[in-house]
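> structural data only, the sequence is not supplied:
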């Protein structure tokens, strides 16, 4: 039973859920409307739905993971596909219910996000750049979710854009990392256009992102603490990482993990922007 619980925690990828939940909190904080009970319900709801989406994604990807990540709960035999589906549905339904308790607007968004997560796992993920764009869009939505929880989404648009471009670049790097397993089951961007063109696209997206990070400071929206944090924790690490990728000085697996840490740096910068 203990192994099942550990495997269940692993399959929902709680770190991803925490990042999404903190993003909801930041989205709400940036509006300066106060952190209410509705915001906390939105935070918990987002964490649960993110976990449910991660679980169903692992179930759909079980054949690919037998090649790329055999240590994961389903390929390793620690959880069955049926158990993961039940867990996913439970988490998503509970997350939607909490959103409904918070507000009707959050309920509608929670249902939309859940549908998109399932659509991504069952269809869009295998359709190249469309799948990458879908998951990048979903990666930015927690900030909007936070804005909806206080009925004021305008201040959450900038962090949504940040998250979108950062997730999009990481998803493309992950696709390069997973090419061996994806070859039989999907038509990802690197499989269709090759590693070289995919790397160029990652470079382009990262340059757009780095350029855009200066906009809130120049426009007077965020202050100096944000600028210093985004430079040190996002832009410089991202520039170094791109240099290493283009020089073949780092594996794509390692690059994917470092891009995730850059997301955490972005969260810190946005936290400072909300102070």
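All right, it came through fine. Since we're looking at a predicted model, the values are computed, not measured. Residues are numbered from 1 along each chain as shown.
> roughly how far does residue 20 sit from residue 236?
25 Å (CB to CB, to the nearest Å). (Glycine included, C-beta is placed from N, CA and C.)
> ok, these two, which is more surrounded?
residue 20 (26 against 14; other CB atoms under 10 Å).
> report how many residues lie close to residue 210.
By other CB under 10 Å, neighbour count at residue 210 equals 18.
> repeat for residue 65
21.
> give the residue spans of this structure that score low on pLDDT.
275 (pLDDT under 70).
> quick check, residue 44 in contact with residue 99.
No: between residue 44 and residue 99 there is no contact, the gap being 9.3 Å when judged by CB atoms under 8 Å.
> more neighbours: which of those two?
residue 99 (30 against 18).
> leaving out sequence neighbours, find the closest residue to residue 96.
residue 110 (4.6 Å; CB to CB, 6 or more residues apart in numbering).
> list the contacts of the one you found.
Contact partners of residue 110, counting by CB atoms under 8 Å, 6 or more residues apart in numbering, are 45, 49, 95, 96, 99, 100.
> now do 7 Å
45, 49, 95, 96, 99 (CB atoms under 7 Å, 6 or more residues apart in numbering).
> just residue 138 next, same as before
Residue 138 touches 113, 116, 117, 120, counting by CB under 7 Å, 6+ apart.
> for the second one, the count of nearby residues, please.
Spelled out, that is residue 116. 17.
> what sits against it?
When contacts are taken as CB under 7 Å, 6+ apart, residue 116 is in contact with 134, 138.
> returning to that earlier point: can you list the contacts of residue 110 in JSON lines and add distance to residue 226 and secondary structure?
As requested, the contacts of residue 110 are arranged in JSON lines below (distance: CB to CB, whole Å; DSSP: H, G, I helix; E, B strand; the rest coil):
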{"residue": "45", "distance to residue 226": "27", "secondary structure": "helix"}
{"residue": "49", "distance to residue 226": "28", "secondary structure": "helix"}
{"residue": "95", "distance to residue 226": "30", "secondary structure": "helix"}
{"residue": "96", "distance to residue 226": "33", "secondary structure": "helix"}
{"residue": "99", "distance to residue 226": "29", "secondary structure": "helix"}
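> what is the nearest of those residues to residue 249?
Of all the contacts of residue 110, residue 249 sits closest to residue 49, with 37.5 Å by CB to CB.
> and the residue nearest to residue 96, how close does it get to residue 179?
Applying CB to CB to residue 110 and residue 179 gives a distance of 34 Å.
> repeat that for residue 38.
43 Å.
> with residue 13 instead?
Taking CB to CB, one finds residue 13 at 21 Å from residue 179.
> repeat for residue 223
Counting by CB to CB - residue 223 and residue 179 are separated by 42 Å.
> show me which of those two is the more surrounded one.
Between residue 223 and residue 179, counted using other CB under 10 Å, residue 179 has the larger neighbour count: 17 against 13.
> didn't the more buried one look like it was pressed against residue 190?
Yes: using CB atoms under 7 Å, residue 179 is in contact with residue 190, at 5.6 Å.
> from the centroid of the protein, which residue is nearest?
residue 139 (3.7 Å; CA atoms, centre = their mean).
> so for residue 195, what's the nearest residue that isn't a sequence neighbour?
residue 176 (5.7 Å).
> the host helix or strand of residue 216 - contacts with which helices or strands?
According to DSSP states H and E, residue 216 maps onto helix 215-218. Contact here means 3 or more CB pairs under 7 Å, 6 or more residues apart in numbering; DSSP states H and E; on that basis helix 215-218 packs against helix 224-230.
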